[in-house]
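> Below are the sequence and a predicted model; questions follow.
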Amino acid sequence: MKLYLYSFILICFANTLFGQNLQFSYHFDDCGLNDASQNFPSIKTGGNPICVCGIGENSFQLDGSDDYFEFDSITNALFSNNFTLDFYFSLDKINGDMDIMSLRSGCGKLDSLMQLRYFSNTNELVFEIGSNINNFYAYKSKLDINNCWHRFALVKFGLEYQVFLDNKLTGKFIAKENIVMTKTGRLNFGNNPCNAIDNANRFKGRIDEIQLRQQALSDIELKHSFKYPDRIITPNTTIFSGESITLETGVSCAKSILWKPSTTLSDASVSKPIASPEQTTTYQVTFDNGTCQSIDTVKIFIADKERLDCKNLLLPKAFTPNNDGLNDTYGISNTHIVEKLDYFEIYDRWGGKVWETKELQENWDGTKNATPLNSGTYLYKIKYQCSNQEYVKFENFVLMR
């Protein structure tokens, strides 16, 4: 009965997160322009966008000339409440400015606008949003030249807005008042009323997985839903001498794939080769998409089973959960020495338990019940087995924001 109830709760949660709060989802897998939930009108197009390989199965290629996507005006009102808008894009090499996304009724005014543009001379994305000149915000972020596909996400919770690029927070502000979008303009990809005036080019590249939820997703939820296009999923990890590991990668449309060094791989030209390194090795993979190349790396450490230090779990003395991509979570680094994890618990300075797990690869993100905890000293307590012996380890560490 308990198992049934637990399963029912999980199903209800999943329906809430991925069903009821999902306003539209255009994934283009069938090369169609219809909303997958069939709740929204189909996307209108200008020019002749071409269906090509994408994040899921397919995406649409816009030519940078007269191709664009236009959404129905009923979309505009949804940006007044809590929401998460996210999509994937891949740029073809181009010079000058390029419009990616926009929602504005005209040009020359800073009222009721939202737009995302790319500047090739600085390799930067510029995101702008505002309701008037006194409630206007703009953020710049560099594109990683080692990635072809990128993910942009805008999250609104109350008056707080967060801007993410490739799952990293690049901008955050609290608006002076709610930013209400124009009723006359349309959400567009590859089109902008200011194109002719600013001499900007329309978007040239691929667009995929455009989604809008009436919910403010957290950075953790965004990361969990990431599809890792042309990227290595396998984290830096340790294996014992003589063992092998499969190097996992995300979705890819690459015309060719090349790993190096290739001597300890089962096949250097496939997306998921088996690696059997004899010593600690950093593997690099290149995804060649024709107009763009993505490069990623993973480091596989080699450990000697006969020389294990069972007491050395390698937990850091501090971590900084600020979503900058560095030391954002707290966990066991030396996981290869643990045969079984009985528990991993974290307590605050007053002895209250704030987090626990029995999953070896699970890390703490610095929250309790999804609420970020304050900076300060915390205590971890871990019980585990190594070389058929039980160990209990506890120590203080610092959370810094």
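Structure's in. What do you need?

> and Thr291, what pLDDT?
Per-residue pLDDT puts Thr291 at 85.

> which ones are touching the residue positioned nearest the centre of the chain?
If you average the C-alpha coordinates of the chain and look for the closest C-alpha using Cα atoms, centre = their mean, you land on Asn167, 3.3 Å from that point. With contacts defined as Cβ atoms under 8 Å, 6 or more residues apart in numbering, the neighbours of Asn167 are 151, 153, 219, 222-223, 226. (Glycine included, C-beta is placed from N, CA and C.)

> what does Met181 give?
When contacts are counted by Cβ under 8 Å, 6+ apart, Met181 is found next to 76-77, 79-80, 103, 112, 114.

> which one among the residues you listed gets closest to Arg202?
Leu103 (15.4 Å; Cβ to Cβ).

> what about the closest residue to Lys176 other than its chain neighbours, neighbour count?
If you skip the residues right next to it in sequence, Lys176 has Asn135 as its closest partner in space, 4.7 Å away by Cβ to Cβ, 6 or more residues apart in numbering. The burial metric for Asn135, expressed as a neighbour count using other Cβ atoms under 10 Å, is 16.

> residues touching Asn135, list them.
Counting by Cβ under 8 Å, 6+ apart, Asn135 makes contact with 175-177, 179.

> Out of the contacts of Met181, show me where the pLDDT dips lowest.
The pLDDT minimum for those sits at Ser112, where the score is 85.

> Mind giving me the packing neighbours of the helix or strand harbouring Met114?
Taking DSSP states H and E as the definition, one finds Met114 inside strand 113-119. Packing partners of strand 113-119 (3 or more Cβ pairs under 8 Å, 6 or more residues apart in numbering; DSSP states H and E): strand 97-104, strand 124-130.

> export those to JSON lines and tack on mean neighbour count and distance to Thr297?
Below are those laid out as JSON lines (neighbours: other Cβ atoms under 10 Å; distance: least, Cβ to Cβ, whole Å):
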{"stretch": "strand 97-104", "mean neighbour count": "23", "distance to Thr297": "28"}
{"stretch": "strand 124-130", "mean neighbour count": "20", "distance to Thr297": "24"}
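
> Worst mean pLDDT among the ones you listed?
Within the helices and strands packed on strand 113-119, the least confident segment by mean pLDDT turns out to be strand 97-104, at a mean of 91.

> Which elements pack onto that one?
Using 3+ Cβ pairs under 8 Å, 6+ apart as the contact definition, the elements that strand 97-104 packs against are strand 83-91, strand 113-119, strand 186-189.

> where do the strands sit along the stretch 101-250 of the chain?
Secondary structure of the stretch 101-250 of the chain by DSSP state E, counting those that start in this stretch: the strands cover 113-119, 124-130, 136-142, 149-157, 160-165, 168-174, 186-189, 204-213, 237-240, 245-246.

> in stretch 170-182, what counts as buried?
Applying a neighbour-count criterion of 16 or more other Cβ atoms under 10 Å, the buried positions in stretch 170-182 are 170-171, 175, 179, 181-182.
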